[in-house]
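J.: okay, predicted coordinates and the sequence, questions at the end:
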Amino acid sequence: MQGGAGNHSVPQAASFDKTRVLDVKPLRVLKPLFTASGENPPSFPIPPGGPAPPGTLPFYPFGVPREYQTSRSDAQREAPVAPAPLRSFRTPGQGKNVEASREDRAGDGRNYDNSDLRPSRPSRKMGKRSKESEFWVADGEDSGGPDYAVPINSIQREDGDRNVVDYVLVTFDGIRRRLSQLEDSNEGQTGGIKRADLKAGNILMSKGFRTNMRRRIGAIPGVEVGDIFFFRMEMCVVGLHAPSMAGIDYLNVKGDHQEESVALSIVSSGSYEDDAGDKDVLIYSGQGGVSAKKDKEASDQKLERGNLALERSLRRANEVRVIRGMKDIMSPNSKVYVYDGLYRVQESWMDKGKSGANIFKYKLMRIPGQPDAFAVWKSIERCKEVMSTRPGLILSDLTSGSEHVPVSLVNEVDNERGPAYFNYFYDLRYIKPYNLSNTSHGCNCSDACKPGDLNCSCIQKNGGDFPFTGTGVLVSRKPLVHECGPSCRCSPNCKNRVSQSGLKLHLEVFKTKDRGWGLRSWDPIRAGSFICHYAGDVIDGSRLKHKLEQGEGDEHVFDTSRVYELFKWNYESGLLGEHSNDSSEEYSIPHPLIITAKNFGNVARFMNHSCNPNVFWQPVFYQQNKECYIRIAFYAKRHIPPMTELTYDYGILPDDRDIYITRYRKKKCLCGTSKCRGYFGL
């Protein structure tokens, strides 16, 4: 068996006293079934050829076709339907603190409702835990202004859907980014724990800004297999995993003769004694016993709380939600949590842990017929180790080394060897830059600009706030973001130069089934993260009109004068008790900016349209001497799982646009989303 799962069976010779196991019923072992995975055919990158203009990098339509097989099936399989919720009971003693266990802390199995969502009290100190709940208290103040009306009704709080889940997550991350911005500005001041995620979660929980509060076995409405989370509190506010720090979430249900607990979900963080190497099998270690203090001896785990719930789930054979913790490549000290779908407990036993104490082990098998999630991550790991094994690989780096990170070119759909000829160019080519009046020189900061430094002229241009968090995440959409540029005295590694630092994500250009070539990332992308900017030639409207009149296509044109989607992405100021934030999220550029990437461009030219996109664009202003430049930077609208196509809204033309442009730009939309309007570009 893969991942060593086959070695985890009931030990033949145990060195511990079996009588210490508390009233364990006979263990049942169900033999798992494994499907043989086909091997991918070998593939070899073909280098580009042909002449290229001086000073540019070539990209050529490759000549020799090659036969290869796709490793994916086109048939879509249906995920199992969630069973009806069992009658639940509140866990006794839920108002008491629970002793620490596992990586985060042991679960108490409590069933939170509105009575648990108490606003924080002024007497509490920041960073201390509330006695009434597992959740942290933010700043010792009541979260949100008293007049703020939560735009989620009681029905949506009990049972959500995809739109409600997305809305709650976007709101959570907006608050978290704002709190991170405030924490960065106050860096150096004493007091407080910098955990904006815990504070944001407490604010939303205390105000009832959450969904799927009705506890249930099985799938969670609006949460899809493969969804990713960068913070445990995100799972709490959408009802995927209720405890904010516990590894096992369980619920007391009424059985045939008595009340008993069953497991609802588990989080395998990867740092405990779990075996998570197999994509369909998880060997999960129980909770308790392991001491958080180095000078305290570890004790044997007991068959209680979460451990007992998993044992009862083995007997009941109920579905258990599994969330797997993965290392965040972009932030090595953090984790990304991927929802891997529904599993069933197949086997349990006791084993010796690394500490020498006896621990419970549970073998969980993934229910067939669900979309791939953790399996995608494992596939990416294999591709990174040996790039030549990538199915359908045409080029390992279509940028020819011009980017810091290579961009692969892949076709798993047909025999097309690449897109039409163009020259890879990583920046904008201006005929002439903007010549604005009353422009000042760059900032005079030494080393790097510091958040909260109001003497920094670039921070002043951004309204007094540093536009990015310490991790480089955009805090808010603005009419125009001012970055430091060559005229500034700060160092090149200043955190206010995000869009000028080049690609950081491992992107891939791939052939879609019905929309030509597309763009996706091997890495998970956090909401607000910079992806790329739109490179190409800056042209004026008259030149574009001439091209269209001559019959030239405009498939790779970005036009800021189009009408784009209206959506709320910035934080809700009322939830923080701040005055209403009336700053506009609509873009404001001194002059319309039209970019064509037909002949010169970068990876952004491959990003397709969607009426429900996961990426948005933001104009970024920077200055070089007295010349002003604007980039169109793309940021993640929400968390994006790896290998998900990146899309943005191409927008529609205003009613007063020239008839020639209107005629040539009407396009049928193939995004296939529930919000599809049927067309774009008109």
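T.: Great, that's in hand.
J.: low-confidence regions, the stretch 551-682 of the chain specifically.
T.: Within the stretch 551-682 of the chain, the ranges that satisfy pLDDT under 70 run 551-554, 581-583, 655-666, 682.
J.: repeat that for 90
T.: 551-557, 559, 561-567, 573-574, 577-592, 622-629, 651-670, 672-682 (pLDDT under 90).
J.: now the strands for it?
T.: Using DSSP state E, counting those that start in this stretch, the strands of the stretch 551-682 of the chain run over 557-559, 594-596, 600-601, 608-609, 615-624, 627-636, 647-648, 667-668, 679-680.
J.: reformat the ones you listed as JSON lines; add mean neighbour count and distance to residue 508.
T.: C-beta here means a position set from N, CA and C on the backbone, and glycine is covered the same way. Below are the strands of the stretch 551-682 of the chain laid out as JSON lines (neighbours: other C-beta atoms under 10 Å; distance: least, C-beta to C-beta, whole Å):
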{"stretch": "strand 557-559", "mean neighbour count": "22", "distance to residue 508": "21"}
{"stretch": "strand 594-596", "mean neighbour count": "22", "distance to residue 508": "23"}
{"stretch": "strand 600-601", "mean neighbour count": "24", "distance to residue 508": "16"}
{"stretch": "strand 608-609", "mean neighbour count": "18", "distance to residue 508": "14"}
{"stretch": "strand 615-624", "mean neighbour count": "21", "distance to residue 508": "15"}
{"stretch": "strand 627-636", "mean neighbour count": "21", "distance to residue 508": "16"}
{"stretch": "strand 647-648", "mean neighbour count": "23", "distance to residue 508": "15"}
{"stretch": "strand 667-668", "mean neighbour count": "12", "distance to residue 508": "24"}
{"stretch": "strand 679-680", "mean neighbour count": "18", "distance to residue 508": "24"}
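J.: minimum distance to residue 198: which of those strands has it?
T.: For residue 198, the closest of the strands of the stretch 551-682 of the chain is strand 627-636, at 22.3 Å, according to C-beta to C-beta.
J.: in the stretch 451-600 of the chain, which spans are helices?
T.: Assigned by DSSP state H, counting those that start in this stretch, the stretch 451-600 of the chain shows helices spanning 457-461, 541-549.
J.: before we move on, what about the stretch 201-350 of the chain?
T.: 232-237, 305-316.
J.: so which of these is nearest residue 382?
T.: helix 232-237 (27.6 Å).
J.: now that closest one: buried residues?
T.: 232-237 (16 or more other C-beta atoms under 10 Å).
J.: of the residues you listed, which is the nearest to residue 313?
T.: Comparing the buried residues of helix 232-237 against residue 313 with C-beta to C-beta picks out residue 235 as the nearest, at 19.1 Å.
J.: and the helix or strand harbouring residue 365, which strands flank it?
T.: Residue 365 belongs to strand 358-366 when assigned by DSSP states H and E. Looking at strand 358-366 with DSSP bridges, its partner strands are strand 281-285 (antiparallel), strand 335-352 (antiparallel).
J.: so who does residue 492 touch?
T.: Contacts for residue 492 (C-beta atoms under 8 Å, 6 or more residues apart in numbering) come out as none.
J.: returning to that earlier point: the inter-axis angle of the strand holding residue 365 versus helix 305-316?
T.: With axes from the mean of the first three to the mean of the last three C-alpha atoms, to 10 degrees applied, the angle from strand 358-366 to helix 305-316 works out at 50 degrees.
J.: distance between strand 358-366 and the chain's centre?
T.: Averaging C-alpha positions (C-alpha atoms, centre = their mean, to the nearest Å) puts strand 358-366 28 Å from its chain's average.
J.: pLDDT on it, on average?
T.: Average pLDDT, strand 358-366: 94.
J.: give me the buried positions along the helix or strand following that strand.
T.: Once strand 358-366 ends, the next helix or strand along the chain (criterion: DSSP H and E) is helix 374-385. Buried residues in helix 374-385, counted by 16+ other C-beta under 10 Å: 374-380, 383.
J.: save these as CSV, and put in pLDDT and distance to residue 431 too.
T.: Formatted as CSV, the buried residues of helix 374-385 follow (pLDDT from 0 to 100; distance: C-beta to C-beta, whole Å):
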residue, pLDDT, distance to residue 431
374, 94, 49
375, 94, 49
376, 94, 43
377, 93, 45
378, 90, 48
379, 91, 45
380, 91, 41
383, 86, 41
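J.: and which of those is nearest residue 247?
T.: residue 374 (16.7 Å).
J.: okay, the closest one and residue 336: tell me how far apart.
T.: As judged by C-beta to C-beta, to the nearest Å, residue 374 and residue 336 stand 11 Å apart.
J.: and residue 174, what helix or strand is that in?
T.: For residue 174, the host element (DSSP H and E) is helix 162-185.
J.: helices or strands up against that helix?
T.: Applying 3 or more C-beta pairs under 8 Å, 6 or more residues apart in numbering; DSSP states H and E, one finds that helix 162-185 contacts helix 196-207, helix 232-237.
J.: picking up where we left off before, and the helices of the stretch 201-350 of the chain: which comes nearest residue 601?
T.: Once the helices of the stretch 201-350 of the chain are compared by C-beta to C-beta, helix 232-237 is nearest, at 35.2 Å.
J.: starting at the chain centroid, how far to that closest one?
T.: On C-alpha atoms, centre = their mean, the centre of helix 232-237 falls 13 Å from the chain's centre.
J.: next: stretch 629-637.
T.: 18 Å.
J.: can you count the residues close to residue 368?
T.: Residues near residue 368, counting by other C-beta atoms under 10 Å, number 11.
J.: what sits against the closest residue to residue 532 other than its chain neighbours?
T.: Leaving aside its chain neighbours, residue 532 sits nearest to residue 604 (5.1 Å; criterion: C-beta to C-beta, 6 or more residues apart in numbering). Neighbouring residues of residue 604 by C-beta under 8 Å, 6+ apart: 519, 532-535, 558, 597, 634.
J.: dump the residues you listed into CSV; add distance to residue 308 as well.
T.: Output for the contacts of residue 604, formatted as CSV (distance: C-beta to C-beta, whole Å):
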residue, distance to residue 308
519, 48
532, 50
533, 54
534, 56
535, 58
558, 58
597, 60
634, 49
